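>>> heads up, no residue letters with this:
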């Protein structure tokens with residue numbers, strides 16, 4: 001499900017990264033595709049802040065990082081993505097502040113913040129859910145305060 005979204009021109013405050021996890025610590029999956037979000041027409045990261053954490057600007061679903069990822073490289077493969085869908089970016093995404101896209105080994109483009117790939121958690125079903133935070137001690141929400 002691709003949607004056009006409005007971009008938040010700037011995030012205020014300091015965003016800090018804390019981390020991510022693996023499939024081993026997760027139960028359940030969501031194949032609905034409701035977490036897929038595309039960028040705005042100017043192709044800059046569609047993010048905003050809600051309840052003190054970083055979320056996508058369309059559905060306001062919580063974004064996560066994974067401790068095992070390295071700079072602009074995801075360690076979350078196909079099986080992992082069932083539970084931790086990537087925050088997809090268009091191939092012509094433009095860097096903006098701390099946000100930029102990178103090309104994954106599978107050829108998809110993913111948004112990253114300060115080089116850390118961004119993900120959703122499939123079991124977060126409504127705005128404000130943060131059920132993936134600290135899963136296996138390696139998946140983390142991104143504080144926006």
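Looks like it arrived, so ask away. As the structure is a computational prediction, the values presented were derived from the model and not from experiment. Numbering: from 1, shown residues only.

>>> now the helices for this protein?
Using DSSP state H, the helices of the chain run over 78-83.

>>> so where's it shaky on pLDDT?
Residue ranges of the chain with pLDDT under 70: 1-42, 145.

>>> Would you map the strands across it?
Here the chain has its strands, by DSSP state E, at 47-50, 53-56, 64-66, 99-103, 109-113, 116-117, 139-141.

>>> For those strands, could you give me a markdown table that also reports distance to residue 84 and mean neighbour count?
The C-beta positions use only the backbone N, C-alpha and C, and glycine is treated the same way. Output for the strands of the chain, formatted as a markdown table (distance: least, C-beta to C-beta, whole Å; neighbours: other C-beta atoms under 10 Å):
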| stretch | distance to residue 84 | mean neighbour count |
| --- | --- | --- |
| strand 47-50 | 17 | 20 |
| strand 53-56 | 14 | 24 |
| strand 64-66 | 7 | 25 |
| strand 99-103 | 16 | 19 |
| strand 109-113 | 11 | 22 |
| strand 116-117 | 10 | 26 |
| strand 139-141 | 7 | 23 |
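
>>> any chance of these in TSV, with distance to residue 88 too?
Compiled in TSV, those are given as follows (distance: least, C-beta to C-beta, whole Å):
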stretch	distance to residue 88
strand 47-50	13
strand 53-56	10
strand 64-66	14
strand 99-103	9
strand 109-113	6
strand 116-117	11
strand 139-141	18
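
>>> do you know which of those lies nearest residue 127?
Closest approach to residue 127 among the strands of the chain is made by strand 47-50 (6.9 Å; C-beta to C-beta).

>>> neighbours around residue 126, how many?
The number of residues packed near residue 126 is 8, by other C-beta atoms under 10 Å.

>>> and stretch 76-94, how far out from the chain's middle?
In this view, stretch 76-94 has its centroid 8 Å away from the chain centroid, taken as C-alpha atoms, centre = their mean, to the nearest Å.

>>> ok, residue 119 to residue 111 distance?
9 Å (C-beta to C-beta, to the nearest Å).
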